[in-house]
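In: mind looking at a prediction? Sequence and model below.
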Amino acid sequence: MTEISAAVKKAIRYNIVQNILKHYKCPDSCGAHCCSKGQIHLFEDEMKMLTILDSVKAGVIVNADIYPGLYLMSAPCSFLNRTGRCDVYDKRPTVCGLYPFKVNSSGNSIGLQPCPIGFSIIRDFASWIVDSSTKSGISEEEKLRISEEWQKNMELYASELEEFHFKTILKEMQIPFDELEMLSMFLTSKNAKKIRNALSK
Ligand code: SF4
Ligand code: SF4
């Protein structure tokens, strides 16, 4: 891996995102939507790696013309195989390893798309926030406000998830990096399992 990918991965908290994503699985019904629609941006070293792996499939990669060293592949991705799996999973570009998280320009948060997996993460995030607030020393009014706020948020993201296949833009949730790290720690805790089990009943 070249320095640019390593530096970008560090800046966007790639390892934390990976730790979160390992708790979720894409439903087969989604049909690898993220690899089939839109555009996939990649760095020069990633473009070179894909070219080494399969120069014919990588032949569709073009210069993105928006930033030096940034390349572009139009979906459906040529590395998506007939069974809906990625042929280069272990070497997939950074952007693929992040999805449904998406980088923004704020430098202190990351976006989360409410696709099926993204919605599950948002739901667990909401449970964690509401659960934490009920155990904290804040007033009952404040606890109620937080609970109602997240109820509304979940309705919004549920409506985004509905028929998301047909939408070009989804309203994404912004997660500050410090909360992202705490969510990651929460998901690996035993408490998370208890809350998620209770939710699925
Ligand atoms: S990340 Fe989201 S859009 Fe992509 S395959 Fe998984 S559930 Fe579908
Ligand atoms: S490289 Fe793999 S993960 Fe990325 S878009 Fe292509 S098939 Fe999907």
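Out: Thanks, I have it. Numbering: from 1, shown residues only. Ligands and ions are numbered 1, 2, ... in the order given.
In: from residue 61, how far off is residue 46?
Out: Using CB to CB, to the nearest Å, residue 46 is found at 9 Å from residue 61. Backbone N, C-alpha and C define where each C-beta goes, glycine included.
In: over to residue 51?
Out: Residue 51 is 8 Å from residue 61, by CB to CB.
In: settle it for me: which of those two has more neighbours?
Out: Under the criterion of other CB atoms under 10 Å, the comparison of residue 51 against residue 61 puts residue 61 first, with 20 against 14.
In: what residues does the chain put near ligand 1?
Out: Counting by CB under 6 Å from any ligand atom, the chain comes close to ligand 1 at 26, 30, 32, 33, 34, 99, 100, 115, 116, 117.
In: inside helices: which ones of those?
Out: In helices, judged by DSSP state H, the following of the residues of the chain next to ligand 1 are found: 33, 34, 116, 117.
In: where are the low-confidence patches of the protein?
Out: 1-3, 190-201 (pLDDT under 70).
In: residues from it in reach of ligand 2?
Out: Residues of the chain lying near ligand 2 (CB under 6 Å from any ligand atom): 35, 40, 77, 79, 80, 86, 88, 92, 93, 96.
In: looking at the residues you listed, which one is closest to residue 155?
Out: residue 35 (28.7 Å; CB to CB).
In: before we move on, the earlier item: so of the residues of the chain next to ligand 2, which ones are in strands?
Out: With strands defined by DSSP state E, the entries of the residues of the chain next to ligand 2 inside them are residue 40.
In: and the residues of the chain next to ligand 2, which two are furthest apart?
Out: Most distant of those, by CB to CB, are 80 and 93, 12.8 Å apart.
In: what about these two, which has more around it?
Out: residue 93 (23 against 18).
In: can you report phi and psi for the more buried one?
Out: phi -60, psi 160 (degrees, to the nearest 10).
In: look up the closest residue to it, ignoring the ones flanking it.
Out: Leaving aside its sequence neighbours, residue 93 sits nearest to residue 42 (CB to CB, 6 or more residues apart in numbering; 4.0 Å).
In: partner residues bridging that neighbour?
Out: Judged by DSSP bridges, the bridge partners of residue 42 are residue 71.
In: that one and residue 14, how far apart?
Out: From residue 42 to residue 14 the distance is 14 Å (CB to CB).
In: give me the more crowded residue out of these two.
Out: Comparing residue 42 with residue 14 by other CB under 10 Å, the one with more neighbours is residue 42, at 24 against 19.
In: how deep is the residue nearest to residue 15 when sequence neighbours are not counted tucked in, by neighbour count?
Out: Leaving aside its chain neighbours, residue 15 sits nearest to residue 9 (7.4 Å; criterion: CB to CB, 6+ apart). For residue 9, the count of nearby residues is 17 (other CB under 10 Å).
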